[in-house]
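K.L.:
no letters, just coordinates:
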C-alpha cells in the first residue's frame, strides 16, 4: 500500500486509513517544503536559512544535519532526492500527494474572476476531474502548521495565497460547467463553497442568486443578495457592483427578463454556451490582510524601485479604469515580497487611491 501526503489542509502523511507520525517539527517542515516544490532542488544553505533563520550558519548546519538523519530514520521511504549538494523531492519514492493530483485534474483551468468563462461546456470526464480536484481541498495549504521560522512562515503565507487562487479558479470553472448543463443545485453548492473560501467574491453570490431563482426560490435568491450587500458593507464599507445590483433588480421584477422564464436546456457538449451578457464588467473586490501593513519604523526599502513603481502603477490604473487584473509576486522565501507588497498597498492607500476601496 502506497503512502499519501496531504498538504491542502492540516498536513498529514497517511498509509491507507492510518496516519504515519513524524516526530521532528523541522523534519516535517522540510518534507512539506520539498513536496510542495517537487520539480525543484535546493542547496543545503538555502534550507538552513529557511528552517533556522535566526541561527548562525554553523549552528543551522549542525541542526539541519541532525534533523535530516532523524527524518531518514522516521520516514517510511526515501522521500528526499540528493543531486550533488542539492536536495529535492524524490518522485520515485512511492508517495502520492494531493497537490500533484489537484494540478493534474485542473490543468487548463486558468484563474478567471468575474463573468463565467466564454467556453463553458466540458466533457463529462473533464468536469469529473474538476469535481475530484475541488474535493481534495480540506483547507488552506499546511493549515495550522508552524515551525518557528519567520522565513518559512512567509513562504507558507505566499503559497497559501497561490493555492487559494488555484482553488478559486477551479470553483469558477466548475460553476461555469454546471451552469452550462443547467444543474442549478450544483451551481449553488459549488458557489457556496467558494464563498466559504472568499466571502468577498461577488461572482459567487451572483451564481447562488441565479441558481436559487432558476430553482423557483425568489425569496432565497434575494436573501442571498442581502447577505452579499451586508458582507461588503461590514468588511469593505462599499456596495455591490453593477452586475450584482442588476441581477437583484431582475430577480425582483415580474419576469426573469434576460434569463428567460425558465432554465434553458442543457447545451450539447460540442457546442459553445454563452452566458447572458453582464451590463458592465464586474468589479472584483478584495481586502488586504492585516499583515500587509507597512511598518512606519522599518528601514526604507531599497533595491526594488522598478518593481515598486510597476506595482503601484498597475494597482492605480486597475482601480481607476479596470479591467480586473491579478498580480502574483514570485520569489525565494525571505527576499522581501511581503515587505514590497505592504509598501505598495500603504502608498496606494495614502496617495492616489485614498478615496478608493480595493
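P.N.:
Alright, I've got the coordinates. Source: prediction; values computed, not measured. Numbers count the residues shown, from 1 in each chain.

K.L.:
just list whatever residues bridge to residue 141.
P.N.:
Assessed by DSSP bridges, residue 141 has beta-bridge partners residue 8, residue 9.

K.L.:
okay, now it: neighbour count?
P.N.:
Neighbour count for residue 141, taken as other C-beta atoms under 10 Å: 25. Backbone N, C-alpha and C define where each C-beta goes, glycine included.

K.L.:
wait, it touches residue 7, no?
P.N.:
Yes: counting by C-beta atoms under 8 Å, residue 7 is a contact partner of residue 141 at 5.8 Å.

K.L.:
what do those two both touch?
P.N.:
Shared contacts of residue 141 and residue 7 (C-beta atoms under 8 Å, 6 or more residues apart in numbering): 36, 99.

K.L.:
low-confidence ranges in the protein?
P.N.:
1, 108-120, 254-303, 317-326, 332-335, 348-358 (pLDDT under 70).

K.L.:
where along the protein do the strands fall?
P.N.:
3-6, 12-15, 18-19, 41-43, 80-83, 86-89, 95-97 (DSSP state E).

K.L.:
which residues does the nearest residue to residue 233 once chain neighbours are set aside contact?
P.N.:
Distances taken as C-beta to C-beta, 6 or more residues apart in numbering place residue 239 nearest to residue 233, at 7.0 Å, with adjacent residues excluded. With contact taken as C-beta under 8 Å, 6+ apart, residue 239 is in contact with 229, 232, 233, 245.

K.L.:
turn those residues into CSV, including neighbour count.
P.N.:
CSV is the format used below for these (neighbours: other C-beta atoms under 10 Å):
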residue, neighbour count
229, 17
232, 22
233, 12
245, 14
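
K.L.:
how much space separates the residue lying closest to residue 215 once chain neighbours are set aside from residue 190?
P.N.:
Counting by C-beta to C-beta, 6+ apart, residue 215 lies nearest to residue 184, which is 5.1 Å off, once chain neighbours are set aside. Residue 184 is 11 Å from residue 190, where distance means C-beta to C-beta, to the nearest Å.

K.L.:
cool, and residue 252?
P.N.:
Counting by C-beta to C-beta, the gap from residue 252 to residue 190 is 25 Å.

K.L.:
so these two - more neighbours on which side?
P.N.:
Taking other C-beta under 10 Å, residue 252 and residue 190 do not tie; residue 190 has more neighbours (27 against 11).

K.L.:
the more buried one against residue 174, yeah?
P.N.:
Yes: look at residue 190 against residue 174 with C-beta under 8 Å: they come within range, at 5.1 Å.

K.L.:
common neighbours of the two, please.
P.N.:
Common neighbours of residue 190 and residue 174 (C-beta under 8 Å, 6+ apart) are residue 134.

K.L.:
as CSV, the contacts of residue 239 with distance to residue 85 would be great.
P.N.:
Output for the contacts of residue 239, formatted as CSV (distance: C-beta to C-beta, whole Å):
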residue, distance to residue 85
229, 57
232, 52
233, 55
245, 59
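
K.L.:
which two in those are spaced the farthest apart?
P.N.:
Comparing all pairs in the contacts of residue 239 by C-beta to C-beta, the longest separation belongs to 233 and 245, at 13.5 Å.

K.L.:
for residue 105, which residues are in contact?
P.N.:
Taking C-beta under 8 Å, 6+ apart, we find residue 105 in contact with 129, 130, 132, 133.

K.L.:
same check, this time on residue 78
P.N.:
So residue 78 contacts 72, 90, 93 (C-beta under 8 Å, 6+ apart).

K.L.:
look up how far residue 21 lies from the first one.
P.N.:
Translated: residue 72. The gap separating residue 72 from residue 21 is 15 Å, by C-beta to C-beta.

K.L.:
and these two? Which one has more around it.
P.N.:
Of the pair residue 72 and residue 21, residue 72 is the one with more neighbours under other C-beta under 10 Å, namely 12 against 8.

K.L.:
quick check: buried residues in stretch 34-53?
P.N.:
By 16 or more other C-beta atoms under 10 Å, the buried positions in stretch 34-53 come out as 34-36, 38, 41-42, 47-53.
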